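Novice: the following comprises the amino acid sequence and a computationally predicted model.
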Amino acid sequence: MNKGKFITIEGCEGTGKSTQIKLLKQKLKKKIKVKCTREPGGSLGAEKIRKLIFAKSKFDNWSPITEALLHISARSDHLEKIVKPNINNGVWVICDRFRDSTIAYQGYGNGLKIKVLEMMQDSIFNKFHADLTIILDMDVNKCLKRIKKRKTGMQKYEKMDISFHKKVRKGFLEIFKKNKKRCVILEADEDENIINDKILKIINDKFKIIF
Ligand code: TMP
């Protein structure tokens, strides 16, 4: 059986990742089996760790390195229980955030050493990476305006000041520059259907399948 592909969608909050994943699933599922998932979370254990990361209590002030390790622990569970088994069964997995978010948020945003985060993830995940990463990019002021309109309220990282979000955006741009074989960057401030058509074309070209 052919293995499924692993596609990750990355970018700052408010760039429309969830909308794109929903649209993508509707189109891809006509031809292949698709599993949509997210990080931090996506498996039972990783969802428990997600709660720890976002906990609103007096214990929620994790140091940057502890927080990075929580994200990586959650990823480890998610990878072993959900991502790899599905891919091995021929299912295409579309994941809302993955390794690049740890580099962008905990590295560029929180100031941990990028090389250390890369080395840790390379050794823990045995250099496992997505087959394709779509990075949605948009001006940070516009992202923050979109986040503030959300009915769900703002969570941990969304509440950070604009300089944090600018650093995270810069992080994603750097990640793109360093990983051009795997990553594609798209302007997120466009009609959602136009963006989705662009993503489909990228997938068609990369994997030689017409959706
Ligand atoms: P979301 O599920 O609404 O995208 O929120 C996840 C938040 O967690 C988002 O602000 C980005 C952040 N995050 C990290 O800081 N590091 C990571 O490794 C991941 C996967 C997410």
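Specialist: Nice, I can see it. Numbers count the residues shown, from 1 in each chain.
Novice: which ones are touching residue 211?
Specialist: 27-28, 30-31, 200, 203-204 (Cβ atoms under 8 Å, 6 or more residues apart in numbering). Any C-beta I mention is one placed from the backbone N, CA and C, and that applies to glycine too.
Novice: so it versus residue 175, what's the distance?
Specialist: As for residue 211, its distance to residue 175 is 26 Å (criterion: Cβ to Cβ, to the nearest Å).
Novice: next: residue 118.
Specialist: The value you get for residue 118 to residue 175, if Cβ to Cβ is used, is 10 Å.
Novice: repeat for residue 21
Specialist: In terms of Cβ to Cβ, residue 21 sits 19 Å off from residue 175.
Novice: got it, and residue 50?
Specialist: Residue 50 is 22 Å from residue 175, by Cβ to Cβ.
Novice: what segments of the protein are strands?
Specialist: 6-11, 34-38, 92-96, 132-137, 183-187 (DSSP state E).
Novice: contacting residues around the residue nearest the centre of the chain?
Specialist: By Cα atoms, centre = their mean, the chain has its centre lying nearest to residue 97, at 1.1 Å. Contact partners of residue 97, counting by Cβ under 8 Å, 6+ apart, are 8-10, 17, 38-40.
Novice: repeat for residue 160
Specialist: Contacts of residue 160 by Cβ under 8 Å, 6+ apart are residue 109.
Novice: could you tell me which residues of the protein lie near the ligand?
Specialist: When proximity is defined by Cβ under 6 Å from any ligand atom, the chain lies next to the ligand at 13, 38-40, 71, 97, 101-102, 105-106, 157.
Novice: residue 50 and residue 175: which has the busier surroundings?
Specialist: The neighbour count for residue 50 versus residue 175, taken as other Cβ atoms under 10 Å, is higher for residue 175 (23 against 19).
Novice: isn't that one up against residue 182?
Specialist: No - using Cβ atoms under 8 Å, residue 175 makes no contact with residue 182, being 9.4 Å away.
Novice: got the CA positions of the helix or strand of the chain with the lowest mean pLDDT in PDB?
Specialist: Here the helix or strand of the chain ranked lowest by mean pLDDT, DSSP states H and E is helix 140-148, holding a mean of 93. Output of helix 140-148 as PDB, limited to C-alpha atoms (Å, rounded to 0.1, in the frame of the first residue of the first chain):
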ATOM      1  CA  VAL A 140       0.800  41.200  11.900                       C
ATOM      2  CA  ASN A 141      -1.600  44.100  12.500                       C
ATOM      3  CA  LYS A 142      -4.200  42.500  10.300                       C
ATOM      4  CA  CYS A 143      -3.700  39.100  12.100                       C
ATOM      5  CA  LEU A 144      -4.300  40.800  15.400                       C
ATOM      6  CA  LYS A 145      -7.500  42.500  14.200                       C
ATOM      7  CA  ARG A 146      -8.800  39.100  13.000                       C
ATOM      8  CA  ILE A 147      -7.900  37.500  16.400                       C
ATOM      9  CA  LYS A 148      -9.700  40.200  18.400                       C
END
